[in-house]
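K.L.:
Return atomic coordinates for the entry below.
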Amino acid sequence: MRINIPLEPKECYQSKGKTYLLCKIRQKVIWMNPEELVRQGMIELLLEAGLSYDLIDVEVPMSSFAKGRPGRADLIVYGHTKGERKVLLLIECKAHAISLTDNVLAQAFQYNAIVNSPYVAVVNGYDLHFYTQVSGQYTQVEFNSIIEFVANHNTYTEPSAEEWYRLDIKEIEDEKFLETANDFFTMAPRYPRRHYLLDVYSQNWVKSLSLKLENVFYDTSDANRFESLSSKTSKLIEDKGIRFGKYSTFGGYTFTEMYRFLVLEDEAGNFFTVNFAIFSYDVYDYETEETYESSHRGCYMMVGFDNPEISCHSLEYKLDHHVMKEPGRLSFWHDGRITITRRRKNSLVIDYLKGHQPRLVVENKVFLGSLSDNKSLYSNDPEVILLISNIIDYAVYRERLKAEIRQNERDG
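P.N.:
Take a look at the predicted model:
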C-alpha cells in the first residue's frame, strides 16, 4: 500500500538546540529523528482511520510479553474480540530513506515471535506492507486503505473525545442537576472502563466547582481560549485545546484521559507543556456494568507536566481537601505534599518555594489563588488566569526540585 507521510512535521518545538515532537499517544516530548517522524505519521494515519487512542501503544518493550527479552516494537495496535482486548497488529517503522528489505521484515517477524500478533506491518513513510501467517509462513496481504484494515479487524473504534457542552451556572448550582451529574464520565475513550467526572461522596459545592473548572478546561470555543498568562516562569506559546494524555503515577495508576494542553516556554527558551483535567478515581466498567470505587475519594484537578526529560502528573490536586470555601469565595491552597521515589516532608517544598518563589507561600502553605463562587468561569477571567498561572509556576518549581533531589541522590 502506498502512503504519504510528510518529510516535515506539522508541528515541532525547539528545546536546548534540538527539535522535538509531541507524541499523540504518549503525549511526551520526543526528539525528532527520521524514524520518529514516520512513527508519528503512522500514528496520525491510524487515528484518522478511526482507531481509538487507547488501542495504540508506542515503543512497547518485548519484556512486557516475555520476561528478559530485549527490543521494542514501534507500534502495537489492539482490537477487541468478545470484549477482550487483544493484540491485533505489530508495526515496525523505518525512516523514509530505509527500504523495506528482508532484514526489516526479519526484525518485525522476530518481535512477533514474542508478541504473537495476527498481523504484522512494516512502513517507511512511502510504503506500508501487511503480513499474516498462513500455515506457519508469513504471507503479504493487501488492503486498499488503513481505514479498510481498521474497519475489518478492529471491533471497537471511538472518536478521540466527546464534545463538551458548556454548562449553565444555574445547572451547576442546582442540587437536582448535581445528582444527575454524578453519572457524568470523562471524555476519553477508555474501553471498557471510564472515569467518573465527580465523586458521588463529594459535597455539592465541590461538585459545582469541578463542573465550573470542566467548563474552563473543556470548552474550546473561541470565547474560551487561553490567550495570555501571568506566569513568572513561563510564556504561553499556544493553547492546543483538548488532547489525549497518558500519565502513570507513583501509586501504580495509569490515566488515559483528555487534557487541556498548554504549550509554554521557560526563561531559557525551552518549551514544555502543562495539561489540565478534572476527574475522580472511580471508574465504570461497561462489560460488567459495575462501578469500582477507589480508596482515593474526592474530585481531582490533575496537572500533567511534560518536557524532553520527564512526563508525569506534577500535581493531583484534591479539590475537596485543598480548596477552602469562604463566603462568596473559593481559595486554592496546597500543603506541599510531594513524592520523589518516596513521600517527602511537606516542608521541603515550602522551603524551596520560599527561596525561589516566595509570593506563593502564605503562612507556611502554598497559596495558588481564589475564585468567585457565584459565576461561570472562562479562561480570560483575570482570577482564572492568575490561578492557572500560579499552578503552572508551582508545577515548574516542583519539577525543578524533583530534578535537583534526584541528581543529588545520584551523585551520592
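K.L.:
centroid residue for this structure?
P.N.:
Centroid-nearest residue in the chain: residue 245, 1.3 Å away (criterion: CA atoms, centre = their mean).
K.L.:
quick one: the helices in the stretch 301-412 of the chain?
P.N.:
319-322, 346-356, 382-411 (DSSP state H, counting those that start in this stretch).
K.L.:
got it, and the stretch 151-300 of the chain?
P.N.:
Under DSSP H, counting those that start in this stretch, the stretch 151-300 of the chain gives helices at 169-172, 175-181, 204-218.
K.L.:
taking these together, which one is wrapped up most tightly?
P.N.:
helix 204-218 (a mean of 23; mean count of other CB atoms under 10 Å). Every residue, glycine included, has its C-beta placed from N, CA and C.
K.L.:
between that helix and helix 382-411, what angle do the directions make?
P.N.:
Using axes from the mean of the first three to the mean of the last three CA atoms, to 10 degrees, the inter-axis angle of helix 204-218 relative to helix 382-411 is 80 degrees.
K.L.:
next structured bit after the lowest-mean-pLDDT helix or strand in the chain?
P.N.:
Least confident helix or strand, the chain: strand 13-15 with a mean of 76, by mean pLDDT, DSSP states H and E. Next helix or strand after strand 13-15 toward the C-terminus (DSSP states H and E): strand 18-22.
K.L.:
can I get the helices of the stretch 301-412 of the chain in JSON lines with mean neighbour count, distance to residue 283 and mean pLDDT?
P.N.:
Listed next are these as JSON lines, based on neighbours: other CB atoms under 10 Å; distance: least, CB to CB, whole Å; pLDDT from 0 to 100:
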{"stretch": "helix 319-322", "mean neighbour count": "19", "distance to residue 283": "18", "mean pLDDT": "96"}
{"stretch": "helix 346-356", "mean neighbour count": "16", "distance to residue 283": "29", "mean pLDDT": "95"}
{"stretch": "helix 382-411", "mean neighbour count": "17", "distance to residue 283": "25", "mean pLDDT": "94"}
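K.L.:
Out of the ones you listed, the one nearest residue 33 is which?
P.N.:
helix 382-411 (24.4 Å; CB to CB).
K.L.:
Give the full set of residues in contact with residue 144.
P.N.:
Counting by CB atoms under 8 Å, 6 or more residues apart in numbering, residue 144 touches residue 1.
K.L.:
Give the helix, strand or coil label for it.
P.N.:
Following DSSP: H, G, I helix; E, B strand; the rest coil, residue 144 is assigned to coil.
K.L.:
how much space between it and residue 43?
P.N.:
Separation of residue 144 from residue 43 (CB to CB, to the nearest Å) stands at 20 Å.
K.L.:
With residue 34 instead?
P.N.:
Taken as CB to CB, the span from residue 34 to residue 43 is 16 Å.
K.L.:
quick one: average confidence on stretch 270-281?
P.N.:
Stretch 270-281 shows a mean pLDDT of 92.
K.L.:
In that stretch, which residues are buried?
P.N.:
Buried positions in stretch 270-281, judged by neighbour count with 16 or more other CB atoms under 10 Å: 270-281.
K.L.:
hang on, the earlier thing: out of the helices of the stretch 151-300 of the chain, which is closest to residue 368?
P.N.:
When the helices of the stretch 151-300 of the chain are compared (using CB to CB), the closest one is helix 204-218, at 12.8 Å.
K.L.:
Chain neighbours aside, what residue packs nearest to residue 299?
P.N.:
With sequence-adjacent residues excluded and distances taken as CB to CB, 6 or more residues apart in numbering, residue 299 is closest to residue 210, at 4.4 Å.
K.L.:
which residues touch the closest residue in space to residue 370 that isn't next to it in sequence?
P.N.:
Computed as CB to CB, 6+ apart, the closest residue to residue 370 that is not its neighbour in sequence is residue 331, at 4.4 Å. Contact partners of residue 331, counting by CB under 8 Å, 6+ apart, are 323-324, 367, 369-370.
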